[in-house]
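Asks: Okay, predicted coordinates and the sequence, questions at the end:
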Amino acid sequence: MVTSQRNAVTTAEAPGPYTILSQAVVHNGLVFTSGSIGMDPKTNTLVEGSIAKRTTQTLTNMTKVLEAAGSGSDKILKVIIYVTSMDDVPVMNEAYKAFFAEPRPARACVCVKALARGTDVEMECTGFI
C-alpha cells in the first residue's frame, strides 16, 4: 500500500479560513486551494466596486496561498469559478485575462444561487510545486 502525506497550507497574506477549511492542501507536488473570494486580507471585508475588482482580489488571494505552498499563479493547472450571475462573466473574464499570461489554465465557470459573505465570485484552483 502506498501512503503519502498531505499538508495544510496557511498564510496571513490571504484571508483566513472562516470555517473548518484549510486554505490549501499539498499532496504529491500538487496544491489544491479552497475557495477564495475577493476579500481584503487586512480588513476582512469584501472589495467594493465591480466584479472585476473582486476577481482581481480573489486571484491575488489565491496566489498568496499558492506561494505559501511553494507554487504560484504561473503554476496553476485548473481554475473553477463560481459566479452568482452569468451576466457578470464578460466583466469577470476581462479581469481574469489580465491576470494570466498564455497559456491560461484550464477552467470551468459555474453559476450558483449564492456564495459566501454575499460575494458574486469565488474561485478555487489546482496547481503544482
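Replies: Great, that's in hand. Numbering: from 1, shown residues only.
Asks: Following element in sequence after the worst-scoring helix or strand of the chain on mean pLDDT, please.
Replies: For the chain, counting by mean pLDDT, DSSP states H and E, strand 6-9 ranks last in confidence among helices and strands (a mean of 90). Per DSSP states H and E, the first helix or strand lying C-terminal to strand 6-9 is strand 24-27.
Asks: what comes up buried for that following strand?
Replies: Residues of strand 24-27 classed as buried: 24, 25, 26 (neighbour count, 16 or more other CB atoms under 10 Å). Glycine gets a C-beta too; all of them are placed from N, C-alpha and C.
Asks: now do stretch 34-44
Replies: In stretch 34-44, counting by 16+ other CB under 10 Å, buried: 34, 35, 36, 37, 38, 39.
Asks: what do you get for stretch 90-107?
Replies: So, applying 16+ other CB under 10 Å, buried residues of stretch 90-107: 92, 95, 96, 99, 105.
Asks: which one of these is nearest residue 20?
Replies: Proximity of the buried residues of stretch 90-107 to residue 20 (CB to CB) peaks at residue 105, which lies at 27.0 Å.
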